[in-house]
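Enquirer: Here is the input, now give the coordinates:
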Amino acid sequence: MKTHTRVSLLLQFGISAVVFAELPTPRNVTVHTLNTNYILKWHWDQGPDNKAVTFTAQYLARFKIKALGKYNWTTVCEATSEHHCDFTAEDLYYFGIWILRVRAQNDLLVSSWIQIQFCPDREAAIGPPSAVVVSPVKGLLQVAISDPLTNKNASMKMLLQHMYYYIQYWKDPLESQKPTSLTTTNNLVILPDLESRTWYCVRVQSRYDFYDKISVFSPMYCEQTDRQMSYWQIFLYFLLSLALSFLFVLGLFFCFLKSFKVIKNTFYPSIPLPTHIQEYLCDSPGSDMPHLLTTDSEVELCCDQLDVLTSDALVNNVIMEIHAPPQDSEQDSRNYSRHNSGDSGVYSAEESGQSSQTFRGEEEVKLEKMGQISFQKEGRVESDVHV
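Expert: Sure, this is the predicted structure:
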């Protein structure tokens, strides 16, 4: 029984080995690289009996095989019908060593693995500059170079610090001549010894000498140099700019002065008013219109003393002035009354009337000046005097 079982297992194992050996492995397995873009490619002979063949690709860091002894392969492409597999998205460490492998399989058969060793730092190719811009500058040509980029749009100089550029340029693409070349690590270069008003063509290449990495050339860029400016032209332009600056400053000063004069004449006019208007405003003190005072005229202050009296005091003063005549006048009146007694009746009446009129006129003048007693009160005072 045991012998029969062993024979059965050997037969099954042998049949399986024959079945596995019938499916060939992929051949010409290589890695196509550019900067940090890695694509594993292989060839497969398509026969009539293996039309439905698919492929599986995996990778593993080499140090894990030696140090850990484990084989935890990472599958990138599984059951793909394509003859290539893109490892770019796996972000393989640029300075590491990796084991890549691939096999073929169909519904019943599986080929053996074929594997290769891959080191990006040593084997990955570098690309040309990502952009080249050629522009004329002062009779020469300026070349602006952009670094090659990784799959994450970072500069390859972060990985290859000693990378540099090889520049070739020549005159007129239609002329057959040996190109002039120069090397530089800068991203901005001025091509020397060029003729003015001449067409030149430029192309650039990336290089890394440690592993002899050389990229393909960039596309060819052609540009014409402009006319180089002479020293007398530079001096002339300098004088012209200096003159324009002086005129600009002078114009600003003139505008400031003009504005200052306008403001001054508006608020402090220097032109006097016409004579008839000045006479009307300054020489008419009785006018109701406001008048101006000249700066040269002196302001005169007219002051007068005003005595304020009550009505009783005013009446007493008036009576005293009337009833207190001088003594000479009393003696003359007595003599006059003694000698003219016969006409006393007539003259007394006339004198009383004249004296009353005179007193009334004088009192009215006084009351008008004092501004205290009305004319009605004057009549009342006159009647008291006559009594």
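
Enquirer: Might you list the low-confidence residue ranges for the chain?
Expert: Counting by pLDDT under 70, the ranges of the chain that qualify are 1-22, 47-51, 66-70, 173-176, 228-229, 271-273, 278, 280-387.

Enquirer: need the longest strand for it.
Expert: The single longest strand within the chain, with elements called by DSSP state E, is strand 199-208.

Enquirer: Adjacent strands (with direction) for that strand?
Expert: strand 164-171 (antiparallel), strand 213-214 (antiparallel), strand 221-224 (antiparallel) (DSSP bridges).

Enquirer: Just the buried positions in it, please.
Expert: By neighbour count on 16 or more other Cβ atoms under 10 Å, the buried set for strand 199-208 is 200-208. Just so you know, the C-beta spots here come from the backbone N, C-alpha and C atoms, and that holds for glycine as well.

Enquirer: Also stretch 39-48?
Expert: 40, 42, 44.

Enquirer: got it, and stretch 118-129?
Expert: Quick answer for stretch 118-129 (16+ other Cβ under 10 Å): 118, 120-121, 124-129.

Enquirer: what's the answer for stretch 225-233, then?
Expert: T225.

Enquirer: just to revisit the earlier point, possible to save the strands paired with strand 199-208 as a markdown table with distance to T30 and mean neighbour count?
Expert: Below are these laid out as a markdown table (distance: least, Cβ to Cβ, whole Å; neighbours: other Cβ atoms under 10 Å):
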| stretch | distance to T30 | mean neighbour count |
| --- | --- | --- |
| strand 164-171 | 26 | 19 |
| strand 213-214 | 17 | 16 |
| strand 221-224 | 32 | 15 |
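
Enquirer: Which stretches in the stretch 151-300 of the chain count as helices?
Expert: 231-267, 275-282 (DSSP state H, counting those that start in this stretch).

Enquirer: Most tightly packed of those helices?
Expert: Among these, the stretch with the highest mean neighbour count (mean count of other Cβ atoms under 10 Å) is helix 275-282, at a mean of 12.

Enquirer: For F267, state which of the buried residues of stretch 118-129 is nearest.
Expert: P129 (69.8 Å; Cβ to Cβ).

Enquirer: Would you double-check that the closest one falls in a strand?
Expert: No: P129: not assigned to a strand; according to DSSP: H, G, I helix; E, B strand; the rest coil it is coil.

Enquirer: wait, what's in contact with it?
Expert: Counting by Cβ atoms under 8 Å, 6 or more residues apart in numbering, P129 touches 145-148, 165, 204, 206, 218.

Enquirer: Could you measure from it over to L239?
Expert: 43 Å (Cβ to Cβ, to the nearest Å).

Enquirer: Identify the residue nearest R62 in space, chain neighbours excluded?
Expert: I97 (4.5 Å; Cβ to Cβ, 6 or more residues apart in numbering).
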